[in-house]
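# how does the following fold in three dimensions:
(2 chains)
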Number of protein chains: 2
Amino acid sequence: MSVTAPSGFAASGVVAGLKASGKRDLALVKNLGPLTAAAAVFTTNRCKANPVLWSEQVIQDGMVSAIVLNSGGANCYTGAQGFQTTHATAEAVAEQLEVSAGDVLVCSTGLIGDQLPVEKLIAGVSSAAAALATDAGLGAAEAIMTTDTRPKEAAHRAPEGWTIGGMAKGAGMLAPGLATMLVVLTTDAVLSSEQLDAALRSATRVTFDRLDSDGCMSTNDTVALLGSGASGVEPDEAAFTLALTAVCRDLAEQLQADAEGASHDIAIEVVGAASEDDAVTVGRAVSRSNLFKAAIFGNDPNWGRVLAAVGTTDAEFDPYGIDVAINGVQICTGGEPDQPRDLVDLTPRKVHILIDLHAGEQTATILTNDLTHDYVHENSAYAS
Amino acid sequence: MSVTAPSGFAASGVVAGLKASGKRDLALVKNLGPLTAAAAVFTTNRCKANPVLWSEQVIQDGMVSAIVLNSGGANCYTGAQGFQTTHATAEAVAEQLEVSAGDVLVCSTGLIGDQLPVEKLIAGVSSAAAALATDAGLGAAEAIMTTDTRPKEAAHRAPEGWTIGGMAKGAGMLAPGLATMLVVLTTDAVLSSEQLDAALRSATRVTFDRLDSDGCMSTNDTVALLGSGASGVEPDEAAFTLALTAVCRDLAEQLQADAEGASHDIAIEVVGAASEDDAVTVGRAVSRSNLFKAAIFGNDPNWGRVLAAVGTTDAEFDPYGIDVAINGVQICTGGEPDQPRDLVDLTPRKVHILIDLHAGEQTATILTNDLTHDYVHENSAYAS
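Residues are numbered from 1 along each chain as shown, chains lettered A, B, ... in the order given. Got it, this is the predicted structure:
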């Protein structure tokens, strides 16, 4: 159901001819109202793609009528011509949907440094506008896929009568600051753009921001939340934020499970930290150790590589006060070997690393993947 | 010639039985004097191996009579028992060579978290002491190899009559802060430990510290410089530092060329930076991008991944003011595509990435490697 799960939204996914494969490559989501409240967060990469530069302006007033997304090209580092392409795409959507171009978010994903064919984009927008339907969320989710092997959708229906829906893409280049992911969330709850913004930032901070598949940060990431108000129900804000966080976590786990070439989904849970920042720092350091990630690929419970990564951080800990458990087996206690490595079973796809710093009460979990032959293969052959 | 190139040093490399392969695994270098001045730098990882904890104490007074190095086990995260093993090794060397244990540096390399067999180490020290010879540098260089495919040696003879020699090991886990490398440098120049220390820090800052093969920082890295004074010549300090830097660069490039599984040696040269720190930060960010490294493995001149990595830093630059050239072909000018990708030939092992930030006059070069199937293979099978 994805973005069309809440009332007040129509979506479509069409073939604009941007992908060599001939698959769907352009998605459109229209907010049917009565409200057009919205919020969005973007990559923190300083090298931002043209659609991000455009959309950052669009979201300023908290009003979004539609969002158009293309795969088949990132439109990043394409200069003034690339920005014109983004602008022309928004104008085409505005014309087709009879809204203001200044209320149209644009997202692109694909290779950096190539110009997008603007005529194909504009023709695609016409087709997408014609195909808009209130039950076409799946087609839209398919149209934003790049190396994703499956579309990612999630929805939550509150007993009070409001709904949240969402779709996401992202398979490589997943990292903090929202890396190469495009996510569109919709809701028919009655909320202002300020309320949507607060809920969105709260939800992404502990979900997408803690997904660090390969440490690489994209130039194009966007997470947008559109509110139609069509349910007529004003939700409890805390309950809405909780539900939105659950939908974001669901999508983040789908992104992790479909990460390029991965054979293990790794949750690095850091407990006993002096601060939440310390816990995140430690989890992220481990998630970025290629040696650790390659060991997990080889089903090797190499806790020494975990501690070597922990040791590169400035978090509060005593090197001889750290415990490490892998998949429930306590293999390191107080910085010394405990249970034998052989007891750890790393054959399941899900891997749980538990690091206890014994330095406080705070905790955080970072989601990552292993480093595999398939990751190297997919990312060495991307442009060819 | 390595560590025995200067006069006043004897070395040996023997089989202590620590390596399952039965190859040489214990090296000993003795300073024959008349001076026993020394300096050393160690990993900045907060999780330090026992031999590092020991050696940090030994170097305090700037006097070192001998250095003993073993492969076959890192002796890291092995607790009080592991520290006792290091201490016992130093005591064995002291007894054999009739020096003080407090003047014996100890280095270990191999898997983290396993105890070393102390009896084998002590017996190995006896054999090594018996085998000491002033022309046995190669055997010592062989004994410190782990996944290295060849020993690394370098030497420089100054016309004024003094010499610098060196040996190094390190193949994976090469990163800043001196990661998994063990390096022993020797000289017969007449210099105090303070002079040696100043020269060593100056040389490592622009050589080993700028080698970042896989972003992983080791728990065991040590670079030691021993001075025998046997040439009787007091060198010009600037000339000595220059020569030492050249020897360190030579060894660093040998480490890069033999990095685990690598198929390309990549030099990332950042120019036009506002500060040297900025240049290092940018080079290091690119060297740690798995997407960039996998692209180079696939002979794909994917400059978008270079700029995406640059964009994660806080260095001074305008995203639309950056030029990128790969192997001499200017493929990006002012943040836009320039020459066609096809013109870039990435088939040679040596790769040169030139990034001009157009933000100042400073420069730095980071050495790294590509991310290959063989890297993943070697590091997933390490412990098994």
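# distance of the residue of the stretch 151-300 of chain A found nearest chain B relative to residue B:378?
Closest residue of the stretch 151-300 of chain A to chain B, C-beta to the nearest C-beta: residue A:298 (2.7 Å). The way it works is simple: take the backbone N, C-alpha and C, and place the C-beta from them, glycine included. Remark: distance between residue A:298 and residue B:378 (C-beta to C-beta, to the nearest Å) = 10 Å.
# show me what counts as buried in the helix or strand hosting residue A:284.
Residue A:284 is part of helix A:276-287, with elements assigned from DSSP states H and E. Neighbour-count burial for helix A:276-287 flags A:276, A:278, A:279, A:280, A:281, A:282, A:283, A:284, A:285, A:286, A:287 (criterion: 16 or more other C-beta atoms under 10 Å in any protein chain shown).
# just checking, what packs against whatever helix or strand comes next after it?
Per DSSP H and E, helix A:276-287 leads on to helix A:290-297 as the next helix or strand towards the C-terminus. The contact analysis (3 or more C-beta pairs under 8 Å, 6 or more residues apart in numbering or on different chains; DSSP states H and E) places helix A:290-297 against helix A:303-310, helix B:373-380.
# so which of these is nearest residue B:77?
Among the helices and strands packed on helix A:290-297, the nearest to residue B:77 by C-beta to C-beta is helix A:303-310 (5.9 Å).
# show me what contacts residue A:239?
Shown in contact with residue A:239 (C-beta atoms under 8 Å, 6 or more residues apart in numbering or on different chains): A:158, A:160.
# I misspoke; the intended subject was residue A:304.
The neighbourhood of residue A:304, defined by C-beta under 8 Å, 6+ apart, consists of B:74, B:76, B:77, B:111, B:112, B:113, B:219.
# can you redo these as JSON lines with distance to chain A, pLDDT and neighbour count?
Putting the contacts of residue A:304 into JSON lines (distance: C-beta to the nearest C-beta, whole Å; pLDDT from 0 to 100; neighbours: other C-beta atoms under 10 Å in any protein chain shown) gives the following:
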{"residue": "B:74", "distance to chain A": "7", "pLDDT": "91", "neighbour count": "29"}
{"residue": "B:76", "distance to chain A": "7", "pLDDT": "91", "neighbour count": "30"}
{"residue": "B:77", "distance to chain A": "5", "pLDDT": "90", "neighbour count": "28"}
{"residue": "B:111", "distance to chain A": "7", "pLDDT": "83", "neighbour count": "16"}
{"residue": "B:112", "distance to chain A": "3", "pLDDT": "85", "neighbour count": "25"}
{"residue": "B:113", "distance to chain A": "5", "pLDDT": "86", "neighbour count": "24"}
{"residue": "B:219", "distance to chain A": "5", "pLDDT": "84", "neighbour count": "31"}
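# dump the residues you listed to a markdown table, plus secondary structure.
Below are these laid out as a markdown table (DSSP: H, G, I helix; E, B strand; the rest coil):
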| residue | secondary structure |
| --- | --- |
| B:74 | coil |
| B:76 | coil |
| B:77 | coil |
| B:111 | coil |
| B:112 | coil |
| B:113 | coil |
| B:219 | coil |
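# now for these: which two are most distant?
Comparing every pair within those by C-beta to C-beta identifies B:111 and B:219 as the most remote, at 11.2 Å.
# what do the two both touch?
Common neighbours of residue B:111 and residue B:219, using C-beta under 8 Å, 6+ apart, are A:304, B:74.
# before we move on, back to that, could the buried residues of helix A:276-287 go into CSV alongside distance to residue B:34 and pLDDT?
Formatted as CSV, the buried residues of helix A:276-287 follow (distance: C-beta to C-beta, whole Å; pLDDT from 0 to 100):
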residue, distance to residue B:34, pLDDT
A:276, 58, 96
A:278, 50, 97
A:279, 54, 97
A:280, 54, 95
A:281, 49, 94
A:282, 49, 96
A:283, 53, 96
A:284, 51, 92
A:285, 46, 93
A:286, 49, 95
A:287, 52, 92
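# mind putting the residues you listed into a markdown table with distance to chain B?
Converted to a markdown table, the buried residues of helix A:276-287 look like this (distance: C-beta to the nearest C-beta, whole Å):
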| residue | distance to chain B |
| --- | --- |
| A:276 | 20 |
| A:278 | 13 |
| A:279 | 16 |
| A:280 | 16 |
| A:281 | 12 |
| A:282 | 11 |
| A:283 | 16 |
| A:284 | 13 |
| A:285 | 10 |
| A:286 | 11 |
| A:287 | 12 |
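# output the contacting helices and strands for the helix-or-strand element of chain A with minimal mean pLDDT.
Lowest by mean pLDDT, DSSP states H and E among the helices and strands of chain A is helix A:373-380, with a mean of 85. Contact analysis of helix A:373-380 by 3+ C-beta pairs under 8 Å, 6+ apart lists helix B:290-297, helix B:373-380 as its packing neighbours.
# how far off centre is the first one?
What that stands for is helix B:290-297. Offset of helix B:290-297 from its chain centre (C-alpha atoms, centre = their mean, to the nearest Å): 23 Å.
# that helix vs helix B:276-287, what angle?
Following axes from the mean of the first three to the mean of the last three C-alpha atoms, to 10 degrees, one obtains 70 degrees for the angle between helix B:290-297 and helix B:276-287.
# pull the residues that contact helix B:290-297.
A:172-173, A:214-216, A:290, A:371, A:375-376, A:379-380, A:382-383, B:263-264, B:266, B:286-287, B:301-302, B:305-306, B:308-309, B:346, B:351, B:368-373.
# which of residue A:298 and residue B:378 has more neighbours?
The neighbour count for residue A:298 versus residue B:378, taken as other C-beta atoms under 10 Å in any protein chain shown, is higher for residue A:298 (21 against 18).
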